[in-house]
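K.L.:
Have a look; sequence and predicted model below, questions after that.
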Amino acid sequence: MWGRVLIPGAILCAALASPAVAAPGSATTTVTVKASVVKPLVLTAKQDLDLGTIVLNNGTWSGVTISVSQAGVRTCVSANVTCSGTAQAAKFNIVGSNNNVARISAPNVTLVNQADSTKTLVMTLSAPATVAIPNSGQPGVDFSVGGSITVNSTTTGGLYSGTMNVTVDYQ
């Protein structure tokens, strides 16, 4: 009686252990594998962004925008403010692998009044979206970042400053 139980069990185990049969109609192909290796990007700050001196005129008014373009040209057109001093765009240099493109990221900057840290201005930055890298290594390629702020008659006087965070990465 035990023999009759063991033999069917052995046949069942052998059936479960048999290898699977490959599906008919399978195919094989090849593809090319590539890897592009580039030098790390090196970003160097060469010049700070400066809007110059902004003199607020008397009266009650709002919404005057002062800006410096990427070319370093200041725009200060309003009867409510007077701008003086030297204005300049920020300047950076990027070094990387030739014939590549770098994306530029430059988020807005919060400028804090150095005499009263509760008073701030937001500077909206203007940077190129991308920069072509025409050569490997030095001298790299320069690019500029401009920006603008908006003031009104109630803006607190004082020196406003902040930190610009510019990031570059390969496109």
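P.N.:
It's in.
K.L.:
quick one, what contacts residue 38?
P.N.:
If a contact means CB atoms under 8 Å, 6 or more residues apart in numbering, then residue 38 has 96-97, 100, 170 as its contacts. Glycine gets a C-beta too; all of them are placed from N, C-alpha and C.
K.L.:
so it sits in a helix?
P.N.:
No. Residue 38 sits outside any helix when classified using DSSP: H, G, I helix; E, B strand; the rest coil, being coil.
K.L.:
Setting aside sequence neighbours, what's the nearest residue to the most centrally placed residue in the chain?
P.N.:
In the chain, the C-alpha nearest the mean C-alpha coordinate belongs to residue 105, at 2.4 Å (CA atoms, centre = their mean). Counting by CB to CB, 6 or more residues apart in numbering, residue 167 is the residue found nearest to residue 105 once chain neighbours are left out, at 4.3 Å.
K.L.:
Can you verify my assumption that that neighbour contacts residue 102?
P.N.:
No. Contact criterion CB atoms under 8 Å: residue 167 and residue 102 do not qualify, at 9.8 Å.
K.L.:
Which one's more surrounded, the two?
P.N.:
Taking neighbours as other CB atoms under 10 Å, residue 167 and residue 102 compare with residue 102 leading, 22 against 12.
K.L.:
Would you mind confirming that the more buried one makes contact with residue 130?
P.N.:
Yes. Using CB under 8 Å, residue 102 is in contact with residue 130, at 6.5 Å.
K.L.:
what is in contact with the two at once?
P.N.:
residue 171.
K.L.:
Tabulate the CA atom coordinates of stretch 121-138 in CSV.
P.N.:
Below are the C-alpha coordinates for stretch 121-138, written out as CSV (Å, rounded to 0.1, in the frame of the first residue of the first chain):
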residue,chain,number,x,y,z
LEU,A,121,13.1,93.7,-1.3
VAL,A,122,12.8,90.9,-3.8
MET,A,123,15.2,91.0,-6.8
THR,A,124,13.9,89.2,-9.9
LEU,A,125,16.9,87.9,-11.8
SER,A,126,17.4,87.9,-15.6
ALA,A,127,19.8,85.2,-16.7
PRO,A,128,20.4,83.4,-20.0
ALA,A,129,18.5,80.1,-20.1
THR,A,130,21.5,78.3,-21.6
VAL,A,131,25.2,79.0,-22.5
ALA,A,132,27.1,77.2,-25.3
ILE,A,133,30.5,76.0,-24.3
PRO,A,134,32.7,76.3,-27.4
ASN,A,135,35.9,75.0,-25.9
SER,A,136,37.3,72.6,-23.3
GLY,A,137,39.0,74.1,-20.3
GLN,A,138,40.2,77.7,-20.1
